[in-house]
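Chemist: just the structure for this:
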Amino acid sequence: MRPLAAAEFSRLLAPLAADAGAMAVACSGGADSLCLALLCHDWAARRGIALTALIVDHGLRAESKTEARQVAAWLGKAGMAAEILTWKGAKPAANRQAQARDARYALLEAWCRRQGVAHLLLAQHRDDQAETFLLRAARGSGVDGLAAMAPRLEVNGIQRLRPLLGIPKARLIATLEARGQSWIEDPSNRNPAYARTSARAVLAELGAEASAHLAQTAANMARARSALEQITAERLAQAVAYDDGAGIAWADAAALTAGPDEIALRALASVLKRIGGETLPPRLDRLERLLAKLRAGDCSHTLHRCRLLPWDNRVLILREARHLPPALLLKTGTEQIGDDGQVWDGRWRALALHRLPPGLRLDSLGQNGNFPGLAERGLPAPALPVLPALWLRGRVVGLPSLGLGANYGILLAKL
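Modeler: Below is the predicted model:
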């Protein structure tokens, strides 16, 4: 199996990172991520781009700290900057792989936000793509799930770049062998208790050609998904008007729900996610029931933290007042956009440009709808209680998303 040459790697990465400044690469020390880190280092060095390798120590095995230091030493010998990020606190007894993955991404993205790095490189390859397709097919996934992993995807403001999705693992190993570079084998990757290990075994039995075909099917599904997303975006532009300052949407129910179910369901899910602040769409069966009711003219419902109401011959979609989170104590001093501690209700991210008075909080407006200047905005009454408001010493002092009252240098962005 031939190694991955610098020129070929450049052709894979360049289209994904054309707008990149400083970058980070996740490196566990396994063959996949170590190969990616070294290739990225060569690529970035030739272009004068700052690159940092991020090594996550999950602390799930006794030897993990020693391994993380070994990986940092290997990268340092190659001339790379590297940092070890440690998953602290109690570790889960069940569902360990999924929770470790979530913790890993949280650590990686938090580091990127602190350092102002917008591009994070990840080492998933063609075999991983085939495994993902197989696992999702076994769960009965639709087009979006079967599209598997995207080469470039923005999550929480960070661009996840996966340039190796078309490259088999064997070529990555060959690349390290050609460099005389060792790597670490994680024994958990061979644990039969994990579904991905079983999928890997199935693919090994089917052979490399079948794995390549499954990965290609995922790419075909991704192309179909892209087309569906474009049509859905056109539908939303015709049927929905957003008022991001108020955190609400106005929808023409007939236009939103017209035509093929697939487009109508996607459009409806998109609106609910944006207004409700959830990262995942509603369950399909609940979404289908809501679509049927809207088509029948029944427009008063709640779903996915959203409330739907008939209003002025349209459907008003707003955040449901139930189950709002507690007030967020805003941090004093200048905070970076993307600081997870400054997000309230999954919908609003606060950026403090100046020092803040002690005790300043972000919370819902509640029953304080007589705030000066608010009546002139003409917002529907049901939208007022869930507006984000600045509270100080027990009273509302500003509505930063609407530019009313004091804002103390707070910029409030709708997520």
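Chemist: to the chain's geometric centre, what's the distance from whichever helix or strand residue 262 is part of?
Modeler: Per DSSP states H and E, residue 262 falls inside helix 261-276. Distance of helix 261-276 from the chain centroid (CA atoms, centre = their mean, to the nearest Å) equals 17 Å.
Chemist: ok, and for it, which residues are buried?
Modeler: Using 16 or more other CB atoms under 10 Å as the burial criterion, the residues of helix 261-276 that qualify are 263-276. Heads up, the C-betas are built off the backbone N, CA and C, glycines and all.
Chemist: beyond that helix, next helix or strand please.
Modeler: Defined by DSSP H and E, the subsequent element after helix 261-276 is helix 284-295.
Chemist: neighbouring contacts of that next one?
Modeler: Residues from elsewhere that reach helix 284-295, judged by CB atoms under 8 Å, 6 or more residues apart in numbering: 253, 256-257, 261, 264-265, 268-269, 272, 281-282, 299, 301, 303-304, 308, 315.
Chemist: picking that back up, quick one: the helix holding residue 262 to helix 284-295, angle?
Modeler: Regarding helix 261-276 and helix 284-295, their directions subtend 100 degrees when assessed with axes from the mean of the first three to the mean of the last three CA atoms, to 10 degrees.
Chemist: give the other helices and strands that helix 261-276 contacts.
Modeler: Applying 3 or more CB pairs under 8 Å, 6 or more residues apart in numbering; DSSP states H and E, we find helix 261-276 packed against helix 208-239, strand 240-243, strand 248-251, helix 253-257, helix 284-295, strand 306-311, strand 314-319.
Chemist: switch to 6 Å and redo it
Modeler: Under the contact criterion of 3 or more CB pairs under 6 Å, 6 or more residues apart in numbering; DSSP states H and E, the helices and strands touching helix 261-276 comprise helix 208-239, helix 284-295, strand 306-311.
Chemist: could those go into a markdown table alongside mean pLDDT?
Modeler: Rendered in a markdown table, the data for those read as follows (pLDDT from 0 to 100):
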| stretch | mean pLDDT |
| --- | --- |
| helix 208-239 | 96 |
| helix 284-295 | 96 |
| strand 306-311 | 97 |
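Chemist: ok, which of these comes nearest residue 165?
Modeler: Distances from residue 165 to each of the helices and strands packed on helix 261-276 were compared by CB to CB, and the smallest falls on helix 208-239, at 7.3 Å.
Chemist: now that closest one: buried residues?
Modeler: Within helix 208-239, the residues that qualify as buried are 208, 211-212, 214-215, 217-219, 221-222, 225, 228, 232, 235-236, 239, counting by 16+ other CB under 10 Å.
Chemist: what is the nearest of these to residue 410?
Modeler: Using CB to CB, residue 236 is the member of the buried residues of helix 208-239 that sits closest to residue 410, with 29.3 Å.
Chemist: quick check: chain neighbours aside, which residue is closest to that closest one?
Modeler: With CB to CB, 6 or more residues apart in numbering as the criterion, residue 236 has its nearest non-adjacent residue at 5.3 Å, and that residue is residue 267.
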